[in-house]
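**Q** A structural model of the following input is requested.
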Amino acid sequence: MANISNFVKRIRDIMRNDAGINGDAQRIEQMSWMLFLKVYDTKEADWEFAEEDYKSIIPDNCKWSSWAHEEKAGDGMTGDTLLDFVNNTLFPTLKKLEVTPETPVKKAIVKTVFEDANNYMKDGVLLRQVLCVIDELDLGDYEESHAFGDIYESILKELQSAGSSGEFYTPRAVTEFMAERIAPKLGETVADFACGTGGFLTSWLKQLEDKTNSAEDVLKYSSSIYGIEKKPFPYTLCITNMLLHGIDVPRIYHDNSLQYDVLNYTDDDRFDVILMNLPYGGNEKSDIKSHFPSDLASSETADLFMSVIMYRLKKNGRAAVIIPDGFLFGTDNAKVAIKKKLLTEFNLHTVIRMPSSVFAPYTSITTNILFFNRPKEQGTADNPATKETWFYRLDMPEGYKHFSKTKPMKIEHFEEARIWWENRHEIEEDGFPKAKKYTNKELTDLGYNIDLCGYPHEEEEILAPKDLIARYEEKRASLNAEIDSVLADITRILGE
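**A** Residues are numbered from 1 along each chain as shown. Below is the predicted model:
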């Protein structure tokens with residue numbers, strides 16, 4: 001147990017001496033495939049014990065216990081011999097594993113994990129040292145495995161400061177608050193269609209842990225999650241995360257959620273709960289937009305994911321999603337159509353406005369949490385499902401100017417919002433609304449610009465160039481839409 005506390009530091013110190021590792025992102029990526037094989041090896045030992053006819057998909061010579069494990073110090077492969085094995089036997093073998101539609105998920109994930117994995121290390125002696133540190137973990141021991149789950153969380157947290165990899169990590173304070181408000185029930189299914197490293201799914205599982213009191217409960221617990229991740233690196237981290245949380249058959253798929261026609265989804269494709277941080281800032285090509293009805297076919301990634309969520313949420317289902325400010329204030333045609341659908345067919349009951357630095361240093365774009373559900377009977381224009389929507393502004397905690405790597409957001413920073421949630425009332429501070437209820441008609445009359453209860457006293461934002469361009473493009477699209485609307489009105493009046 002003593003070695004677990006400085007696990008990450010020991011590996012970082014070794015890898016810093018290897019010429020092949022360039023920065024934190026590559027270090028974590030290198031660590032991820034090795035940790036996966038170590039965790040998978042432990043799981044396979046359990047499966048072999050429980051299933052008399054279990055046969056591994058991994059050839060014997062490529063199993064962690066065959067090549068990475070040392071029976072006694074110094075008896076394992078090292079140096080050029082180890083590098084040659086990893087580069088010319090291990091990786092080619094695992095990348096070419098035979099997988100068919102009949103292959104069980106818990107076996108197929110091995111090939112999927114290694115399809116895009118890389119070995120960056122160039123020093124076989126240093127590689128052996130890293131393997132020895134990882135192999136010290138006794139994941140068969142419940143307490144040590146549980147403790148390592150916390151260490152793994154710290155590894156994922158480092159993604160926030162590892163360049164662009166931070167986009168795959170949502171601060172745990174946020175995922176825990178959202179999962180807590182959603183209030184999971186055993187027997188329900190949850191989905192995240194851009195699951196990154198699996199933060200929302202683990203927060204969901206954490207909420208369910210204390211409710212599993214029987215073998216039947218455990219089965220419901222382990223079959224409750226579903227995730228899709230487009231990029232290979234976070235996919236590997238997510239699979240490992242799920243295995244560490246006792247999910248033997250993780251329904252996590254390496255795929256793109258936007259490449260399927262939303263009108264083709266059936267009840268079998270829908271979920272009780274959807275928890276997500278919507279990818280944003282990207283622009284999708286026309287072939288992706290063709291999978292959506294023309295009025296919802298935005299070029300903005302976050303908008304398209306909102307449509308996917310609405311088409312994949314079950315009746316009586318609940319959703320909590322993170323979305324950037326641009327969605328709230330945007331009045332271009334696609335955003336208006338999406339918000340109109342949301343406020344008509346769904347019940348958008350709560351919007352939590354979050355401070356701008358929640359996702360620092362990855363992005364300084366301000367984000368919001370939308371909480372909504374899909375009623376049993378679909379709302380209509382004459383009888384919209386959303387009757388009223390509460391907006392609540394979560395201010396920076398006292399003593400904080402910005403959140404940062406050394407002063408991250410914590411779950412207790414949501415305490416004020418938790419208290420308000422249970423006893424909703426309007427709040428005004430310095431003449432500006434902090435919490436306020438708006439009717440469906442008021443939101444409609446605003447032209448679906450629902451940028452409400454914002455931050456009136458916030459200092460001028462200094463955005464990174466990428467964020468600044470994204471914000472400018474959103475504002476320009478909204479302004480163009482407003483100009484087009486005015487010109488259309490003038491043309492109609494002149495025509496009359």
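**Q** Could you pull up the contacting residues of the residue nearest to L127 when sequence neighbours are not counted?
**A** Once flanking residues are discounted, L127 sits nearest to M121: 4.6 Å by Cβ to Cβ, 6 or more residues apart in numbering. In short, each C-beta sits where N, CA and C put it, glycine included. With contact set as Cβ atoms under 8 Å, 6 or more residues apart in numbering, M121 has these partners: M15, D18, G20, I21, Q30, L83, L127, V130.
**Q** could you measure M121 against F233, distance?
**A** M121 sits 16 Å away from F233, going by Cβ to Cβ, to the nearest Å.
**Q** For the contacts of M121, which single residue is the most surrounded?
**A** With neighbours defined as other Cβ atoms under 10 Å, the most crowded of those is L127; it has 26 neighbours.
**Q** Where does the closest residue to Y265 other than its chain neighbours fall, secondary structure wise?
**A** In this structure, Y265 finds its nearest non-sequential neighbour in Y311, 5.1 Å apart by Cβ to Cβ, 6+ apart. Element membership for Y311, per DSSP states H and E: helix 301-312.
**Q** Return the distance of the residue nearest to L127 relative to N22.
**A** Counting by Cβ to Cβ, the gap from M121 to N22 is 11 Å.
**Q** before we move on, what about E442?
**A** Relative to N22, and taking Cβ to Cβ, E442 is found at 53 Å.
**Q** Verify the contact between L139 and S145 for me.
**A** Yes: between L139 and S145 a contact is recorded at 4.6 Å, counting by Cβ atoms under 8 Å.
**Q** which strands and helices sit next to the very next helix or strand once past the helix holding Y311?
**A** Toward the C-terminus, helix 301-312 is succeeded by strand 313-324 as the next helix or strand (DSSP H and E). When contacts are defined as 3 or more Cβ pairs under 8 Å, 6 or more residues apart in numbering; DSSP states H and E, strand 313-324 packs onto helix 172-182, strand 271-277, helix 301-312, strand 367-373.
**Q** How much space separates the closest residue to E188 other than its chain neighbours from K220?
**A** Using Cβ to Cβ, 6+ apart and skipping residues adjacent in sequence, the residue nearest E188 is D272, 3.9 Å away. Separation of D272 from K220 (Cβ to Cβ): 12 Å.
**Q** re the thing from before, any idea how far S307 is from the residue nearest to E188?
**A** In this view, D272 and S307 are 19 Å apart by Cβ to Cβ.
**Q** name the element P456 belongs to?
**A** Following DSSP H and E, one finds P456 outside all helices and strands.
**Q** wait, I meant V351
**A** Using DSSP H and E, V351 falls within strand 347-353.
**Q** and the angle for that strand with strand 367-373?
**A** Counting by axes from the mean of the first three to the mean of the last three Cα atoms, to 10 degrees, strand 347-353 lies at 160 degrees to strand 367-373.
**Q** Give me the sheet partners of strand 347-353 and which way each runs.
**A** Each strand paired with strand 347-353, and its direction, by DSSP bridges: strand 367-373 (antiparallel), strand 388-393 (parallel).
**Q** I'd like those strands laid out as TSV, including mean neighbour count, distance to A73 and mean pLDDT.
**A** Formatted as TSV, these follow (neighbours: other Cβ atoms under 10 Å; distance: least, Cβ to Cβ, whole Å; pLDDT from 0 to 100):
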stretch	mean neighbour count	distance to A73	mean pLDDT
strand 367-373	22	49	97
strand 388-393	20	57	98
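**Q** Can you give me the distance of G227 to K434?
**A** In terms of Cβ to Cβ, G227 sits 35 Å off from K434.
**Q** neighbour count winner among those two?
**A** Between G227 and K434, G227 has the larger neighbour count (other Cβ under 10 Å), namely 26 against 20.
**Q** Which residues are in contact with that one?
**A** For G227, the contacting residues are A191, D192, F193, C195, G198, L201, C238, P250, R251, I252, Y253, by Cβ under 8 Å, 6+ apart.
**Q** Among those, which ones are in strands?
**A** Among the contacts of G227, the residues falling in strands (DSSP state E) are A191, D192, I252, Y253.
**Q** just to revisit the earlier point, looking at D272 and K220, which one has more neighbours?
**A** Taking neighbours as other Cβ under 10 Å, D272 and K220 compare with D272 leading, 20 against 17.
**Q** what residues are up against the more buried one?
**A** Applying Cβ under 8 Å, 6+ apart, we find D272 in contact with E188, T189, V190, K314, N316, G317, R318.
**Q** can I get the residues you listed in TSV with pLDDT?
**A** Below are the contacts of D272 laid out as TSV (pLDDT from 0 to 100):
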residue	pLDDT
E188	97
T189	98
V190	98
K314	97
N316	97
G317	97
R318	98
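**Q** Grab the two from the residues you listed that are most spread out in space.
**A** Across the contacts of D272, the longest distance by Cβ to Cβ is 14.3 Å; it joins V190 and N316.
**Q** With neighbour numbers in mind, choose between the two.
**A** V190 (26 against 10).
**Q** ok, F193 - how many residues close by?
**A** Neighbour tally, F193, other Cβ under 10 Å: 24.
**Q** do the same with T81
**A** Using other Cβ under 10 Å, the number of residues around T81 comes to 12.
**Q** tell me the SS of it?
**A** helix (DSSP: H, G, I helix; E, B strand; the rest coil).
**Q** Nearest residue to it in space, please, no chain neighbours.
**A** G124 (7.0 Å).
**Q** How about Y455?
**A** Leaving aside its chain neighbours, Y455 sits nearest to R393 (6.7 Å; criterion: Cβ to Cβ, 6+ apart).
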